[in-house]
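S.K.: Output the structure for:
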Amino acid sequence: MPLAKGEPDQVRQDHHENLLLCDAVLIYWGGADEFWLRSKVRDLARVRGLGRTGPFAASGVLIADPPSLEKDEFDTRDAMVIRGFGSATPASMEPFVAALSKNVHG
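M.R.: As a prediction, the model looks like this:
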């Protein structure tokens, strides 16, 4: 989980350290704007430059309410896109969990 409070430089540093240490990444896109989401997705592509040596076991973007045209049209090659409008269900998360399980437990 990201820091909830702190100076912008501290929050960014914590975010980068989390990307270096975690096995998987799930970006939750709810009320934030598209710029915020795109900056987080770009971070996934730049993580090797921060010092990460291996790939994530799974990476995904969970798109949640409120619906918008930007969310309907969003796609990326850097992460699995999971559309969870209304409510994300365990079934909607199955592809992410399967990728995580396959790549962590091999």
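S.K.: can you map out the strands along the protein?
M.R.: 24-29, 58-63, 80-83 (DSSP state E).
S.K.: Can you check what angle separates the second one from strand 24-29?
M.R.: Calculated by axes from the mean of the first three to the mean of the last three C-alpha atoms, to 10 degrees, strand 58-63 forms an angle of 10 degrees with strand 24-29.
S.K.: returning to that earlier point: so which of the strands of the chain gets nearest Q13?
M.R.: For the strands of the chain, proximity to Q13 was assessed by C-beta to C-beta; strand 24-29 is nearest, at 17.0 Å. The C-beta positions use only the backbone N, C-alpha and C, and glycine is treated the same way.
S.K.: thinking again about what came up before, tell me the most buried of the strands of the chain?
M.R.: Ranked by mean neighbour count, the strands of the chain are led by strand 58-63 with a mean of 22 (mean count of other C-beta atoms under 10 Å).
S.K.: so what strands line up beside that strand?
M.R.: In the sheet, strand 58-63 lines up against strand 24-29 (parallel), strand 80-83 (parallel) (DSSP bridges).
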